[in-house]
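Undergrad: Sequence unavailable; structure follows:
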């Protein structure tokens, strides 16, 4: 009987290993089919909604919400196709002639080379439309940035910068220089006024204004939505993980009888102080009241009930601190995942903040810089850092280490102050020197 059971068990293991090996041998075909299906879906969207053309996110055929929908589907399908192609190449690299012979014995037929090449050509033809490859700048054609008003807040540009086909001119080997590296003979305000007049006299300026407004509106919507996601997703992850994953596990492991009441000595001192104040209040009320005096036994019973209540309260607080540690890990993972999968949104958000920050007036820039520096590295900032670090320690159930807090306050604000000063000297002083002058005057 035991020999029969062993034989059945061996057959199950053999069939399982054979199925796993068949799955391994079919990995290239499965990966290629996945990439081909994703490319087919992209082609279907192009044919159905864009007349066979590229899915252009700046198209004026649909509203912003519809274009966001198409862009989301496009990004998912492109990511799927690229991942499947990478898996296809890796699996093809690991398979050798012995694997092909084993596949023939197992009855697995590989795709023909012509069929594979046909599908690869189709996939590359679809994906290549959305893959930006930087073209080398020749010595005869140079892209020249049009004249635009400087970022300095004293001059308000009429239109955001835009490069069109009119800006391509045949020039010699001159490398385009930024605004901070060039100095003109005429003041920038005169050049910006001339540029604004040219734009206003251009018959196509109205369409460009509308298109620029739509791009700015689209950038704002994407940025605000991404900021909300960065705030809401970690908070929701923390609450959901704490309520449904971490909480039940901690409650099951920390039983009421075996659970430690205090995680650190600060909790214990706080509980003893609370019990001592309760005892003193009972004695004080017993002395000043006209009611009959309480017996020592009755006072002892009330103290015991209060001690049990305090112990239960601090036991819950200790469990909550442990839950916070693991729930915060889930939140950090969710935040990192959101940052990794949203590189395009991060680029849009950076552009959004650049337009906001560098579009402010000089006094507004100086006010915001002084506000942030005084909050984080100012004279009163150590008190704020101390409260923040103590709150974090209490959130995780850790004792507030005074030496670590004082060392952090003595070093981290200094590093932040150095970073602020370097940014002002390295970047802001070149982009908006008038804002730096205003900042120095306000500081003095």
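TA: Alright, I've got the coordinates. Just so we're clear, the structure is a prediction, and the values are computed from it rather than from any experiment.
Undergrad: OK, contacts around the nearest residue to residue 120 once chain neighbours are set aside?
TA: Counting by C-beta to C-beta, 6 or more residues apart in numbering, residue 32 is the residue found nearest to residue 120 once chain neighbours are left out, at 7.5 Å. No exception for glycine: its C-beta is placed from N, CA and C like everyone else's. By C-beta atoms under 8 Å, 6 or more residues apart in numbering, residue 32 lies in contact with 84, 88, 111, 116, 119, 120.
Undergrad: swap in residue 294?
TA: 282, 286.
Undergrad: hang on, the earlier thing: neighbour-wise, which of the contacts of residue 32 leads?
TA: residue 88 (23 neighbours; other C-beta atoms under 10 Å).
Undergrad: secondary structure element for that one?
TA: For residue 88, the host element (DSSP states H and E) is helix 64-94.
Undergrad: Could you give the average pLDDT over that helix?
TA: Taken as a whole, helix 64-94 has a mean pLDDT of 81.
Undergrad: So which bits of it are buried?
TA: Across helix 64-94, burial judged by 16 or more other C-beta atoms under 10 Å covers 67-68, 70-71, 74, 77-78, 80-81, 84-85, 87-88, 91.
Undergrad: how many neighbours does residue 423 have?
TA: Neighbour tally, residue 423, other C-beta under 10 Å: 12.
Undergrad: Pick out the residue nearest the middle of the chain.
TA: Among the residues of the chain, the one closest to the centroid is residue 339, at 2.9 Å (C-alpha atoms, centre = their mean).
Undergrad: Regarding the nearest residue to that residue once chain neighbours are set aside, what is its secondary structure?
TA: In space, and not counting its chain neighbours, residue 339 is closest to residue 346: 6.9 Å by C-beta to C-beta, 6+ apart. Per DSSP: H, G, I helix; E, B strand; the rest coil, the secondary structure class of residue 346 is helix.
Undergrad: Hmm, residue 265 is touching residue 399, no?
TA: Yes: the pair residue 265 and residue 399 qualifies as a contact (C-beta atoms under 8 Å) at a distance of 6.3 Å.
Undergrad: Looking at these two, which one has more neighbours?
TA: residue 399 (12 against 9).
Undergrad: show me the contacts for the closest residue in space to that one that isn't next to it in sequence.
TA: Leaving aside its sequence neighbours, residue 399 sits nearest to residue 264 (C-beta to C-beta, 6+ apart; 4.0 Å). Contacts here follow C-beta under 8 Å, 6+ apart; on that basis residue 264 touches 397, 398, 399.
Undergrad: can you check residue 36 too?
TA: Residues in contact with residue 36, defined by C-beta under 8 Å, 6+ apart, are 119, 122, 123.
Undergrad: OK, contacts around the nearest residue to the second one once chain neighbours are set aside?
TA: In space, residue 122 comes closest to residue 39 once its chain neighbours are excluded; the distance is 6.1 Å by C-beta to C-beta, 6+ apart. Residue 39 makes contact with 77, 81, 122, 123, 126, 127 under the criterion C-beta under 8 Å, 6+ apart.
Undergrad: in what helix or strand does residue 39 lie?
TA: Using DSSP H and E, residue 39 falls in helix 27-49.
Undergrad: got the angle between that helix and helix 64-94?
TA: On the basis of axes from the mean of the first three to the mean of the last three C-alpha atoms, to 10 degrees, helix 27-49 is oriented at 160 degrees to helix 64-94.
Undergrad: Now do helix 27-49, average pLDDT.
TA: Mean predicted lDDT for helix 27-49 stands at 85.
Undergrad: where does it sit relative to the chain's centre, distance-wise?
TA: Chain-centre distance of helix 27-49: 29 Å, with C-alpha atoms, centre = their mean, to the nearest Å.
Undergrad: Report the secondary structure state of residue 260.
TA: coil.
Undergrad: so how far is residue 389 from the closest residue to it other than its chain neighbours?
TA: Distances taken as C-beta to C-beta, 6+ apart place residue 318 nearest to residue 260, at 6.5 Å, with adjacent residues excluded. Counting by C-beta to C-beta, to the nearest Å, the gap from residue 318 to residue 389 is 20 Å.
Undergrad: Report all helices and strands that the strand or helix carrying residue 394 contacts.
TA: Secondary structure assigned from DSSP H and E places residue 394 in helix 381-395. Based on contacts counted as 3 or more C-beta pairs under 8 Å, 6 or more residues apart in numbering; DSSP states H and E, the elements that helix 381-395 packs against are helix 296-340, helix 362-377, helix 402-423.
Undergrad: Tabulate these in a markdown table, adding columns for mean pLDDT and distance to residue 383.
TA: A markdown table is the format used below for the helices and strands packed on helix 381-395 (pLDDT from 0 to 100; distance: least, C-beta to C-beta, whole Å):
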| stretch | mean pLDDT | distance to residue 383 |
| --- | --- | --- |
| helix 296-340 | 89 | 24 |
| helix 362-377 | 85 | 11 |
| helix 402-423 | 88 | 9 |
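Undergrad: could you redo these as JSON lines and give each row distance to residue 247?
TA: Shown next, in JSON lines, are the helices and strands packed on helix 381-395 (distance: least, C-beta to C-beta, whole Å):
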{"stretch": "helix 296-340", "distance to residue 247": "6"}
{"stretch": "helix 362-377", "distance to residue 247": "34"}
{"stretch": "helix 402-423", "distance to residue 247": "29"}
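Undergrad: returning to that earlier point: tally up the residues packed near the residue nearest to residue 339, please.
TA: By other C-beta under 10 Å, the burial measure for residue 346, its neighbour count, is 15.
Undergrad: Make residue 1 into 10 and carry on from there
TA: I'll keep to 10 as the first residue from here, and by that count the last item is residue 355.
Undergrad: Just the pLDDT for it.
TA: pLDDT, read off for residue 355, is 90.
Undergrad: what's the answer for the one 5 residues further on, then?
TA: You'll see residue 360 listed with a pLDDT of 87.
Undergrad: which residues sit in contact with it?
TA: By C-beta under 8 Å, 6+ apart, the contact set of residue 360 is residue 228.
Undergrad: That one: which element?
TA: helix 352-367.
Undergrad: from the middle of its chain, how far away would that helix be?
TA: Offset of helix 352-367 from its chain centre (C-alpha atoms, centre = their mean): 13 Å.
Undergrad: Also stretch 50-69?
TA: With C-alpha atoms, centre = their mean, you get 29 Å for stretch 50-69.
Undergrad: Go through it and flag the buried ones.
TA: 50, 51, 55, 64.
Undergrad: nearest to residue 229, of these?
TA: Distance to residue 229, by C-beta to C-beta, is smallest for residue 64 among the buried residues of stretch 50-69, at 21.8 Å.
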